[in-house]
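A.B. asks: A structural model of the following input is requested.
(one chain, ligands or ions: 1)
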Amino acid sequence: MAHVKTLAEFITERQHEFTYATGELSQLLTSFRLAGKMVNREVNKAGLAEDILGAQGTENVQGEAQQKLDVYANDLFIRLLKSQGMVCAVASEENDDIVHFDNGGKYVVTMDPLDGSSNIDVNVSIGTIFSIYKRISTGPKATLEDFLQPGRAQVAAGYIVYGSSTMLVYSTGHGVNGFTLDPSIGTFCLSHPNMTSPADGKIYSINEGNWYEFSDGVRNYIDGCKQKKMSARYIGSLVADFHRNLLKGGVYLYPGTAKAPKGKLRLLYEANPLAFLAEQAGGKATDGTARILDLMPTELHQRTPLYIGSSQMVDAAMRG
Ligand code: AFP
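C.D. replies: Next comes the predicted model:
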């Protein structure tokens, strides 16, 4: 039987590619690896456990109802990141403010611990998205500036998709690799080495329910997709939509609308990490005008329009 490479082995083997101290990356990723497995366990039994499934009764900073699994995943990722000492502070989509550990750690993390959580109750794929940045500030406490770095400064980014199988996909700026969780041994195994985004594709993903709010350019592009008989695929879980398009070739659009010119998605927790991965796979990510990774964030929970996926399709969508 051919030897299957585990995520732990792969990280150790490739840690020389990480720009900073050897060993730090493996410690950083260990939290995501472990938390991902634990969230996966809870997601898989969500239908059985009444105390996990369903709304928590609180709202997050975006004013969205928090599902119980959101809260579980957020607490778990924060606890594990705190325990390994490399991370000084975390900004999460689920928390109003930065969560400080005051430990002088060299890195900060931004994350969406459970993206697409309105899909939990209906058994549809959801995901975790994360970014790791080197701190700019020194001293025991991280600052807001540590988090307001442009996306091109990410030292690593990744996502976990909890779908028909659970996968962890990440990049440290040297390509993108994907690992599938083998539930029989509880280990992520290298299943998708050197993932590359097809330059073109046949799938477009957009919430067409917002049609009357879209600009003429966006409507023109969608009309063109229909004339070419392309396939419309939209899960409403960004990680799952992005993952499918990365494998098959496609474009995901969440443009600004008349009511919400900056769209819905968050720059720090969703757009930047996925833009980093898209570019590392040879794809593209823009806000309709500018490269996502060059945007200068001004606030933690900033929103941005997002055009992401196969490079030729992103270009065509921008032309309108
Ligand atoms: P939820 O976490 O509230 O389900 O939002 C998911 C999400 O941020 C992203 O994963 C989806 O692609 C997008 O919102 C869907 O938004 P619409 O429901 O407006 O299409």
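
A.B. asks: May I see the buried residues of stretch 182-189?
C.D. replies: By neighbour count on 16 or more other CB atoms under 10 Å, the buried set for stretch 182-189 is 187-188. (Glycine included, C-beta is placed from N, CA and C.)

A.B. asks: Pull that stretch out as CSV, backbone CA atoms only.
C.D. replies: C-alpha atoms of stretch 182-189 as CSV (Å, rounded to 0.1, in the frame of the first residue of the first chain):
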residue,chain,number,x,y,z
ASP,A,182,-9.7,10.1,7.3
PRO,A,183,-12.3,9.6,10.1
SER,A,184,-11.3,6.1,10.7
ILE,A,185,-7.9,7.2,12.0
GLY,A,186,-8.7,10.9,12.8
THR,A,187,-5.9,12.2,10.7
PHE,A,188,-5.7,14.7,7.8
CYS,A,189,-4.0,13.1,4.9
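
A.B. asks: which other residues reach that stretch?
C.D. replies: 4-8, 33, 36-37, 166-168, 179-181 (CB atoms under 8 Å, 6 or more residues apart in numbering).

A.B. asks: Which of the helices and strands in the protein ranks last by mean pLDDT?
C.D. replies: Least confident helix or strand of the chain, by mean pLDDT, DSSP states H and E, is strand 65-67 with a mean of 62.

A.B. asks: returning to what we had before: most neighbours among the contacts of stretch 182-189, which one?
C.D. replies: Counting neighbours by other CB atoms under 10 Å, the top entry in the contacts of stretch 182-189 is residue 36, with 29 neighbours.

A.B. asks: Which positions in the stretch 51-200 of the chain make contact with the ligand?
C.D. replies: 64, 115-118 (CB under 6 Å from any ligand atom).

A.B. asks: again, only this time at 8 Å
C.D. replies: Residues of the stretch 51-200 of the chain found near the ligand (CB under 8 Å from any ligand atom) are 62, 64, 70, 112, 114-119, 126-127.

A.B. asks: one step back: what's the first helix or strand after the least confident helix or strand of the chain?
C.D. replies: helix 68-83 (DSSP states H and E).

A.B. asks: Can you list the strands that the helix or strand just after that next one pairs with?
C.D. replies: Using DSSP H and E, the helix or strand that follows helix 68-83 towards the C-terminus is strand 87-92. Sheet pairing for strand 87-92, assigned by DSSP bridges, gives strand 99-100 (antiparallel), strand 107-115 (parallel).

A.B. asks: Many thanks, I have nothing further to ask.
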